[in-house]
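Asks: sequence first, then the predicted structure:
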Amino acid sequence: MNRIILAFCGITFFITWGITLTSYFLYRHGTLSLDQLNLIYNLGALGPFIGAIACAAIFYGNTGIKKLFSTLSFKNLNRKSLLISSCPLLFFVLGMLIYPLFTGKWYTFKVTQEQFHLSSTISYAGWILPFITYSVFEEFGWRGFLLPHLQEKNTAFKATVFLTLIWASWHLPFFLWRFQFSLFISFGFFFAIFIGAILLTSAFNFSKGSIISTILFHFANNLTSALEKEYTVVVVSVCFVFVAMYITGKFGKENLASENRIKNFYKEVTEKTNLHSINKF
């Protein structure tokens, strides 16, 4: 793991863990309510975002920052990347159709209100905002910056494994209050992160490096998992596994897509800039 990746991880973990652990400490000591804690939780999403901006600036200069934000592009979106992005919503609809088989009744939003204890404005804000903050700010870091660096010398599949280990570990403070903790749940969580990462890597490579596709997937997945967390989430997760298996089998581990995997385009842009500067003389 090179120094750029280590620097990115260090900055990212420091910011997210610092915010979440400090706010959880204040919650445990009665300074913050649970609703306030869940609202501040949104700031944890800034870790990957700031980590990406900082490392892009430190190691690649202004060109690197421009390249980072250029990943927020609709230009190379295609049918396959958008199909992957829409998977969470499509499978959630399937889960809603199957839901009565599990419960004997149709889903209503009251189920969500009870499961997530939604009653006040601040509780709704703490429930809704992570759909946006984490889907946008995380993707700038994980896919917009880290994945191209990991795919430079690794296959898309191997890069995804490395990214999963980093990404899943980054979530550890959230087990203090956001996620239930047990050996089975923890294994299921890490496995789900891995399966989701395969789909996100595939969408990123299919779109030739656009994080629009991964943001859409991340947002849709956050939304569906926060509407019902007992039955439909199982349906969505199982469907994800089959899609990940199909992608791996159909397109291979080298790229996880019919397009070549996206390597470190930051280095390529910097080299071109330096070459252009030399040619001036």
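Replies: Received it, and whenever you're ready, just let me know what you need.
Asks: show me where the protein has helices.
Replies: Under the criterion DSSP state H, the chain contains helices at 3-28, 34-40, 46-70, 79-85, 87-103, 109-115, 121-141, 147-150, 156-170, 183-206, 211-225, 232-251, 265-280.
Asks: just these: most buried one?
Replies: Neighbour counts (mean count of other Cβ atoms under 10 Å) averaged over each of these peak at helix 147-150, with a mean of 25. (Each C-beta comes from the backbone N, C-alpha and C, glycine too.)
Asks: now Gln36: how far from Gly30?
Replies: Distance, Gln36 to Gly30, by Cβ to Cβ, to the nearest Å: 11 Å.
Asks: right, so of the helices of the chain, which gets closest to Ala257?
Replies: helix 183-206 (3.8 Å; Cβ to Cβ).
Asks: convert the C-alpha atoms of that closest one to PDB, please.
Replies: What follows is helix 183-206, C-alpha atoms only, in PDB (Å, rounded to 0.1, in the frame of the first residue of the first chain):
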ATOM      1  CA  LEU A 183     -20.600 -12.000  15.500                       C
ATOM      2  CA  PHE A 184     -23.300 -12.900  12.900                       C
ATOM      3  CA  ILE A 185     -24.400  -9.400  12.200                       C
ATOM      4  CA  SER A 186     -20.800  -8.200  11.900                       C
ATOM      5  CA  PHE A 187     -20.000 -10.900   9.400                       C
ATOM      6  CA  GLY A 188     -23.200 -10.100   7.500                       C
ATOM      7  CA  PHE A 189     -22.300  -6.400   7.400                       C
ATOM      8  CA  PHE A 190     -18.800  -7.000   6.100                       C
ATOM      9  CA  PHE A 191     -20.000  -9.400   3.500                       C
ATOM     10  CA  ALA A 192     -22.700  -7.000   2.400                       C
ATOM     11  CA  ILE A 193     -20.100  -4.300   2.100                       C
ATOM     12  CA  PHE A 194     -18.000  -6.600  -0.100                       C
ATOM     13  CA  ILE A 195     -21.000  -7.500  -2.400                       C
ATOM     14  CA  GLY A 196     -22.000  -3.800  -2.700                       C
ATOM     15  CA  ALA A 197     -18.400  -2.900  -3.400                       C
ATOM     16  CA  ILE A 198     -18.300  -5.300  -6.400                       C
ATOM     17  CA  LEU A 199     -21.400  -3.600  -7.800                       C
ATOM     18  CA  LEU A 200     -20.000  -0.200  -7.200                       C
ATOM     19  CA  THR A 201     -16.600  -1.000  -8.800                       C
ATOM     20  CA  SER A 202     -18.500  -2.400 -11.800                       C
ATOM     21  CA  ALA A 203     -20.600   0.700 -12.200                       C
ATOM     22  CA  PHE A 204     -17.600   2.900 -11.900                       C
ATOM     23  CA  ASN A 205     -15.600   1.000 -14.500                       C
ATOM     24  CA  PHE A 206     -18.600   0.700 -16.900                       C
END
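Asks: show the model's pLDDT score for the residue nearest to Val111 when sequence neighbours are not counted.
Replies: Excluding the flanking residues, the one nearest Val111 by Cβ to Cβ, 6 or more residues apart in numbering is Glu228, at 5.8 Å. Per-residue confidence (pLDDT) for Glu228: 89.
Asks: next, Glu228: phi, psi?
Replies: With angles defined as degrees, to the nearest 10, Glu228 sits at phi -160, psi 120.
Asks: cool, Thr108 as well?
Replies: The phi/psi pair for Thr108 (degrees, to the nearest 10) is phi -130, psi 160.
Asks: distance of it from Leu227?
Replies: Distance, Thr108 to Leu227, using Cβ to Cβ: 11 Å.
Asks: the more surrounded of the two?
Replies: Legend: neighbour count by other Cβ atoms under 10 Å for Thr108 and Leu227, higher for Leu227 (18 against 8).
Asks: let me see the contact set for the more buried one.
Replies: Applying Cβ atoms under 8 Å, 6 or more residues apart in numbering, we find Leu227 in contact with 92, 112.
Asks: ditto for His218
Replies: By Cβ under 8 Å, 6+ apart, the contact set of His218 is 134-135, 138-139, 200.
Asks: show me which of those residues is closest to Leu176.
Replies: Nearest to Leu176 among the contacts of His218: Tyr134, at 16.7 Å, using Cβ to Cβ.
Asks: appreciated, that's everything.
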